[in-house]
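Novice: could you work out the structure for the sequence below:
(one chain, ligands or ions: 1)
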Amino acid sequence: MLAGSAALTLAATIMMPVASWAEGKITLRLSTSGTETDQRSIAMATVFGPAVAEFAEFQPHYNSSLVAQGSELEAIASGDLEMTVCSAQELATFFPEFSIFATGYVHQSAEHQVKVFDDALMDPFKQKVEDELGVKLLAIMYLGRRHVNLRFPRSERNVMTPADLAGVNLRMPGTDAWLFLGKALGANPTPIAFSEVYTALQTGSVDGQDNPLPTVVDSKFYEVTKQISLTSHLVDLNYIAISKQVWDGLTQEQQATVQKAAVDAAESGRQAQLKKEEELVAFLKGKGLEIYEPDLKAFREHVQAQYVGSEFAKAWPEGVLDKINALGN
Ligand code: KDO
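Specialist: Residues are numbered from 1 along each chain as shown. Below you'll find the predicted structure:
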């Protein structure tokens, strides 16, 4: 069943015209909350765009400048947008079962994410998004391992276990699945849009945020924080998503080109992001941040225990978690 607002947007979809073709080319506007210098954005601009250029003009819009973070899927469903890079947490607002891919310590690595996305276990998930939201998930992008990044020096907060995050106002993106993750970590989750995070850290309206190291560097959060506890609580992903209506308007050959372009862009972004994750510890230490590994067992066990019996876990189809685990190590 579709949530109320999604059902409304679906009704709107039926009345929307197919996306515009100008001078024989279709315009593919992509709205993302990412910056232009984010590895996913670079991959889309340098790999995806050129690969579809013969029949499509790829128009990326960064920093949520076209559509607000979290509203992109509705914009596609209502025919107002052609593409986005969306999170499992955003999909979980429509289809609660997607929270399984947004749960702490489920995905183990970038490679594991790809195996899960390509496995038959994903088929009913992808189908539902197509049928009920009019959105096609083309490929999986790697955002990286999310860690806890705080304004305090380690002498003030030494984050070794979830108990050490008690009372910490940790910025999280603003959906239920994200906030649940923040709480499961032991913190006090505070919803703020990505574009507001730097200022929130600078002014102290939050005590910290969680994101992978490349994002901490790309968005200069290191300028306004003092430490990173390498919790690796979420091996984070995004899906490259396209309007099903637009997809259906393409020839089979064009569809194959778009599909391959998305997979190639995702792979290029994944390799770039993995490389950056390796290199950036040294860079961040050079900027004066304290970077250390907490008690990972304590974090993993605590986070996993929060999901057991939760509303989220109740929405997970029987056996899917076992299948995901079986695809890992
Ligand atoms: C964020 O808001 O913290 C987050 O990392 C969530 C991701 O799903 C993704 O949207 C990302 O922001 C943005 O693209 C910025 O990198």
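Novice: which parts of the stretch 1-150 of the chain sit against the ligand?
Specialist: For the stretch 1-150 of the chain, the residues in contact with the ligand (CB under 6 Å from any ligand atom) are T32, S33, G34, D38, S87, L143. All C-beta atoms are positioned from the backbone trio N, CA, C, and that covers glycine.
Novice: how many neighbours does the first one have?
Specialist: The burial metric for T32, expressed as a neighbour count using other CB atoms under 10 Å, is 26.
Novice: now flag whichever of the residues of the stretch 1-150 of the chain next to the ligand is closest to L81.
Specialist: T32 (10.7 Å; CB to CB).
Novice: mind telling me what element the spatially closest residue to that closest one that is not a sequence neighbour is part of?
Specialist: Closest residue to T32 apart from its sequence neighbours, by CB to CB, 6 or more residues apart in numbering: V85 at 4.8 Å. Using DSSP states H and E, V85 sits in strand 83-86.
Novice: keeping just the C-alphas, turn that strand into PDB.
Specialist: The C-alpha atoms that make up strand 83-86 are tabulated as PDB, following Å, rounded to 0.1, in the frame of the first residue of the first chain:
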ATOM      1  CA  MET A  83      16.200  11.600 -12.400                       C
ATOM      2  CA  THR A  84      17.600  11.500  -9.000                       C
ATOM      3  CA  VAL A  85      20.200   9.800  -6.800                       C
ATOM      4  CA  CYS A  86      18.000   8.600  -3.900                       C
END
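Novice: helices or strands next to that strand in the packing?
Specialist: If contacts are counted by 3 or more CB pairs under 8 Å, 6 or more residues apart in numbering; DSSP states H and E, strand 83-86 sits against strand 25-31, helix 72-77, strand 227-243.
Novice: for it, what is the average pLDDT?
Specialist: For strand 83-86, the mean per-residue pLDDT is 98.
Novice: what does it contact?
Specialist: The contact list for strand 83-86, computed with CB atoms under 8 Å, 6 or more residues apart in numbering, reads 28-32, 34, 40, 44, 67, 72-73, 75-76, 141, 238-243.
Novice: stretch 211-219 too?
Specialist: 35, 37-39, 143-147, 149, 194, 197-198, 221-222, 225, 228, 236, 273, 276-277, 280-281, 283-284.
Novice: kindly supply the PyMOL command isolating those of those residues that are buried.
Specialist: For anyone working in PyMOL, the buried entries among the contacts of stretch 211-219, judged by 16 or more other CB atoms under 10 Å, can be selected with:
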select buried, resi 35+38+39+143+144+145+146+147+149+194+197+198+221+222+225+228+236+273+276+277+280+284
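Novice: A strand includes P60, no?
Specialist: Yes: assignment of P60 by DSSP: H, G, I helix; E, B strand; the rest coil places it within a strand.
Novice: what number of residues lie near it?
Specialist: 19.
Novice: quick one: it and I42 touch, right?
Specialist: No: judged on CB atoms under 8 Å, P60 makes no contact with I42 at a distance of 10.1 Å.
Novice: common neighbours of these two, please.
Specialist: Between them, P60 and I42 share the contacting residues E36, judged by CB under 8 Å, 6+ apart.
Novice: how about E301, secondary structure?
Specialist: With three-state DSSP as the basis, E301 sits in helix.
Novice: next, count neighbours for it.
Specialist: Neighbour count of E301, defined by other CB under 10 Å: 14.
Novice: not counting sequence-adjacent ones, nearest residue to S109?
Specialist: In space, S109 is closest to V235, 6.2 Å off (CB to CB, 6+ apart).
Novice: hey, what's the angle from the longest helix along the chain to strand 227-243? Just curious.
Specialist: In the chain, ranked by residue count with DSSP state H as the criterion, the top helix is helix 252-286. Angle, helix 252-286 to strand 227-243, by axes from the mean of the first three to the mean of the last three CA atoms, to 10 degrees: 170 degrees.
Novice: close to the ligand, is helix 252-286?
Specialist: No: Helix 252-286 lies apart from the ligand when judged by CB under 6 Å from any ligand atom; the minimum separation is 10.7 Å.
Novice: helices or strands up against that helix?
Specialist: Using 3+ CB pairs under 8 Å, 6+ apart, helix 252-286 is in contact with helix 39-43, helix 49-52, helix 110-118, strand 135-150, helix 213-218, strand 227-243, strand 290-292.
Novice: for it, buried residues please.
Specialist: For helix 252-286, the neighbour count (16+ other CB under 10 Å) marks 254-255, 257-259, 261-263, 265-270, 272-274, 276-277, 280, 284 as buried.
Novice: for M44, give its distance to D80.
Specialist: According to CB to CB, to the nearest Å, M44 and D80 sit 19 Å apart.
Novice: so which of the two has more stuff around it?
Specialist: Ranked by neighbour count (other CB under 10 Å), M44 and D80 place M44 first, with 26 against 20.
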